[in-house]
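**Student:** Need coordinates for the below:
(chains A, B, C and D)
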Number of protein chains: 2
Amino acid sequence: MTDPPSTPPPVRQTRQRAAIAAALAECDEFMSAQQLHELLRQRGNPVGLTTVYRSLQALGEAGEVDLLVNDDGETMYRRCSAHHHHHLVCRDCGRTIEIAGPAVENWADAMAAEHGFTDISHTLELFGRCPACSVS
Amino acid sequence: MTDPPSTPPPVRQTRQRAAIAAALAECDEFMSAQQLHELLRQRGNPVGLTTVYRSLQALGEAGEVDLLVNDDGETMYRRCSAHHHHHLVCRDCGRTIEIAGPAVENWADAMAAEHGFTDISHTLELFGRCPACSVS
DNA sequence: ATAGGTGCAAAGCATTTGCAGCAGC
DNA sequence: GCTGCTGCAAATGCTTTGCACCTAT
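**Tutor:** I've put the predicted structure just below:
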């Protein structure tokens, strides 16, 4: 059902894909498809919004980018590799702090192994009110 | 700006709110606004979709329900209290296992406090391939 | 030449908002 | 009776899809 060894899907090299890959490579923070689209436009390397969505979706399925959905329902994308970390986001001003949690990574793996699950990945985001927004 | 001691917002008791609160009290899993709306309709206690959204939003701000956004961009709601746990989801068959992680809860709080953040909440989901789907 | 890629415009969905009528207090 | 609550319909915003043209191979 997942296509037999007949039509291996070739991946064609295009200006748009190169631009998207380059942008993702530079910024290793999460970016929405709309932000990425705007960024490419400002750079004078415009790519159709549709293409941005389709490319990011393809990259996601290929496991080359991680994706998560923020509180506004926007899907955020980030190139996979690099250092793996999580985010502490202020729910008022949107300020974001990167945090690393080896303990959590280990816990997640252990918990998954305990239930016989393999090929594990996880999403973890912390939300709160930052010091600046707390003083009000 | 955050309203002075002038107009304390009273909360009015209505059939709709009671129905929503009751439904949330029975099912302590995450539910989308649409699912909740449909559930109430089937029970013969129809509540307008708009009202469901507004009530859930109000409950969220009041801190009486937790909310998260799933991979499809739908906002999910769950009554706050009760046992807090996370999910281990099979990316192939969708089977879901509930897992509790006191260690993670503590880690999250500590990490947030370290950066001066308050009013913390977090979302954590594990994805993998379950034993049944691994044999293939 | 041909299949895959691109992008405009339109469709889909979940959610929000305007507004007129209804119901707690 | 006043004010908040309700819910229909319309609007909004992100994302997906239809379709005709373009281009890397």
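
**Student:** For chain A, what lies in contact range of DNA strand D?
**Tutor:** Taking CB under 7 Å from any atom of the strand as the contact definition, chain A meets DNA strand D at A:10, A:12-15, A:32-34, A:49-50, A:53-54, A:57, A:72-75. In short, each C-beta sits where N, CA and C put it, glycine included.

**Student:** Now restrict these to buried residues only.
**Tutor:** Judged by neighbour count, with 16 or more other CB atoms under 10 Å in any protein chain shown as the criterion, the buried members of the residues of chain A next to DNA strand D are A:32-33, A:53, A:75.

**Student:** And stretch A:63-79, what's buried?
**Tutor:** Under 16+ other CB under 10 Å, the buried positions of stretch A:63-79 are A:65-70, A:75-79.

**Student:** Where does pLDDT dip in chain A?
**Tutor:** Per-residue confidence for chain A (pLDDT under 70) gives these ranges: A:1-9, A:80-83, A:92-94, A:135-136.

**Student:** Let me see the ranges of the strands in it.
**Tutor:** Per DSSP state E, chain A carries strands over the ranges A:31-32, A:65-69, A:75-79, A:86-90, A:96-99, A:118-129.

**Student:** Nearest approach to B:Leu40 belongs to which of the ones you listed?
**Tutor:** Across the strands of chain A, the minimum distance to B:Leu40, taken as CB to CB, is reached by strand A:65-69, at 25.6 Å.

**Student:** Could you check the closest one against chain B for contacts?
**Tutor:** Yes. Contact between strand A:65-69 and chain B, assessed by CB under 8 Å from any CB of the partner chain, occurs at A:Val69.

**Student:** mind checking how far that strand is from the chain centre?
**Tutor:** 3 Å (CA atoms, centre = their mean, to the nearest Å).

**Student:** quick one: it to strand B:75-79, angle?
**Tutor:** Direction vectors for strand A:65-69 and strand B:75-79, defined by axes from the mean of the first three to the mean of the last three CA atoms, to 10 degrees, enclose an angle of 60 degrees.

**Student:** what's the angle between strand A:65-69 and strand B:118-129?
**Tutor:** Computed by the same axes, to 10 degrees, the angle between strand A:65-69 and strand B:118-129 is 130 degrees.

**Student:** then strand A:65-69 to CSV, C-alphas only?
**Tutor:** Once side chains and other backbone atoms are set aside, the C-alpha atoms of strand A:65-69 remain, and they are given as CSV (Å, rounded to 0.1, in the frame of the first residue of the first chain):
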residue,chain,number,x,y,z
VAL,A,65,12.0,19.7,10.1
ASP,A,66,10.2,19.6,13.4
LEU,A,67,6.8,21.2,13.6
LEU,A,68,4.5,22.3,16.4
VAL,A,69,1.3,24.3,16.7
